[in-house]
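1. fold the following.
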Amino acid sequence: MASNNGDESPKLHYDCAKCPAYCCSYEEIAIDRWDLKRLARHFGVEPEIAERRFTKIKNGKIVLRHQQDEIYGSVCMFLDTKTRRCTIYEARPGVCHDYPTRARCGYYEFLRWERTFQGDPDFIPLRMG
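-> From the prediction side, this is the model:
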């Protein structure tokens, strides 16, 4: 077994390309001032304008605004709901860059199990109601 001297990334056990962007459906995608500055630079606007356009305050935190979604009901405003991909991937917030914080994604594990159980490689458990 190869040793990990800090220069090797752990082997990932998920594939975001096979996921309908579950992490983008989190109600509170909190960002910090650095993320806000990165978004502002990406869109060529001042941070104050980016804050007004792209965020709101929820439970005392700065969070990304949402848009309606057929699968989850509500998702991050920067998710392309057709392709299920991030439209600001290069400028995405740190929390998105770091997700998941482990080599495994719990939702991906669940989705893979459901797809095997349903016998459908594209199955997506839809929201109720």
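2. for the rest of this, base every contact and every neighbour count on C-alpha atoms.
-> Will do.
3. just the helices in the chain please.
-> 33-43, 47-54, 94-98, 106-118 (DSSP state H).
4. nearest to residue 78, of those helices?
-> Of all the helices of the chain, the one in closest proximity to residue 78, counting by Cα to Cα, is helix 47-54 (8.9 Å).
5. reformat the helices of the chain as a markdown table; add distance to residue 61.
-> Formatted as a markdown table, the helices of the chain follow (distance: least, Cα to Cα, whole Å):
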| stretch | distance to residue 61 |
| --- | --- |
| helix 33-43 | 11 |
| helix 47-54 | 12 |
| helix 94-98 | 13 |
| helix 106-118 | 24 |
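6. which one of those helices lies nearest to residue 13?
-> For those, the distance to residue 13 is smallest for helix 106-118, at 8.6 Å, taking Cα to Cα.
7. for the protein, name the helix or strand with the lowest mean pLDDT.
-> Every helix and strand of the chain was ranked by mean pLDDT, DSSP states H and E. The lowest is helix 106-118, at a mean of 80.
8. contacts for it next, please.
-> 14, 15, 19, 22, 121, 122, 123, 124, 125 (Cα atoms under 8 Å, 6 or more residues apart in numbering).
9. Throw the helices of the chain into CSV and include distance to residue 71 and mean neighbour count, thanks.
-> Formatted as CSV, the helices of the chain follow (distance: least, Cα to Cα, whole Å; neighbours: other Cα atoms under 10 Å):
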stretch, distance to residue 71, mean neighbour count
helix 33-43, 26, 17
helix 47-54, 22, 15
helix 94-98, 20, 13
helix 106-118, 14, 15
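10. can you list the weak-confidence ranges in this structure?
-> Of all residues in the chain, those with pLDDT under 70 make up the ranges 1-10, 12, 14, 126-129.
11. ok, back up a step: closest to residue 77 among the contacts of helix 106-118?
-> Closest to residue 77, out of all of the contacts of helix 106-118 and judged by Cα to Cα, is residue 22, at 13.5 Å.
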